[in-house]
Structures are given as C-alpha cells and as structure tokens.
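> structure, please.
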Amino acid sequence: MASSKALRAAGLIIFRRVPQIQYLLLQTSYGHHHWTPPKGHVDPGESDLQTALRETQEEAGLSAEHFHIMENFKKVLEYNVRGKPKTVIYWLAELKNSDTPVVLSDEHQKYEWLGLEEACRYSGYEDMQEALRDADSFLNSPNT
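This next block holds a predicted model:
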C-alpha cells in the first residue's frame, strides 16, 4: 500500500581539510548518475541522525568514529519527487583523518573529494548547491 506520507531522508555533508576544505560526493550507479553526499530514507523507529549515520556507513564505509559532527549546523531541503513532497536533513561532519578510505556500496559507482565550486557543479541541484555553500560559509565563519 502506497503511503501518502512525505518521504523523509537524512545524510551527512562530509568534509576534510587538506588543507583546503573538500566535500565528499558520491555518484549513484542508477538513474541519472547524480552526485550527492551520503544519504538515505529514514527507516521506521529510526531518528534522522541515526539514519544519516547508518547511510554514511552503508554508502561510504565511514562510521561515527571516522568523523566529528558539527553541532551547530543542520540543513533541511524540501522538494518534490515524482509529485510527492520529500524532506532531506543534512548534518555537517569533518573527517578526522583525511586519508580514511571511502568504501562504496553497489548503490554508487564513484566518489570525489571536491572544493566548493566543483562540488556545486557536480551536484547540479540548486538546493544542494545552497546547502554546500551554507556549509562552506559556516566552516569559514570566525566562530567555527
């Protein structure tokens, strides 16, 4: 039975400093092969953050001990997918060791570490570009 409930997903915008800031984007192995940070649908009984952590582990092989979540940054994207509303929540997370390997699942065929402008170009979608720009502004603010 199809649910009329809004679709909900969560993920992590993962970055590393090498020394410039680079963002991790994964290219899907299905559909239009679009590029996004690790994310996925919230399972019943799961919090949004639990989903983001699980999906990052499943899609990129990175678990909670590999990164530090930035407490004061959360981005909510809302858009329609095939006529249904979808909400995606992203947290920002810094990879502790920039050499930690990314291990892709079969949902993705490629990954890239990209500077802000390249990451925006790869992502294509305006709302994802805005999320990346907001993350970058947050990281470059004097209080971060």
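> shaky segments in this protein?
Low-confidence segments of the chain (pLDDT under 70): 1-5, 144.
> contacts only, for the residue nearest the centre of the chain.
Among the residues of the chain, residue 37 comes closest to the average C-alpha position under CA atoms, centre = their mean, at 2.9 Å. For residue 37, the contact set (CB atoms under 8 Å, 6 or more residues apart in numbering) comprises 11-14, 23-26, 90. Where C-beta positions appear, they are placed from N, C-alpha and C, glycine not excepted.
> over to residue 21?
Residues near residue 21 by CB under 8 Å, 6+ apart: 15, 115-116, 136, 139-140.
> swap the cut-off to 10 Å and go again
Counting by CB atoms under 10 Å, 6 or more residues apart in numbering, residue 21 touches 15, 94, 113-116, 119, 135-136, 139-140.
> cool, residue 123 as well?
23, 25, 34-37, 114, 129-132.
> buried among those? Need that as a selection in ChimeraX.
Buried residues among those (16 or more other CB atoms under 10 Å), as a ChimeraX selection:
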select :23,25,35,36,37,114,129,131,132
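> let's have the contacts of residue 123 in a markdown table, adding distance to residue 105.
Below are the contacts of residue 123 laid out as a markdown table (distance: CB to CB, whole Å):
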| residue | distance to residue 105 |
| --- | --- |
| 23 | 19 |
| 25 | 15 |
| 34 | 16 |
| 35 | 15 |
| 36 | 14 |
| 37 | 14 |
| 114 | 20 |
| 129 | 25 |
| 130 | 27 |
| 131 | 22 |
| 132 | 22 |
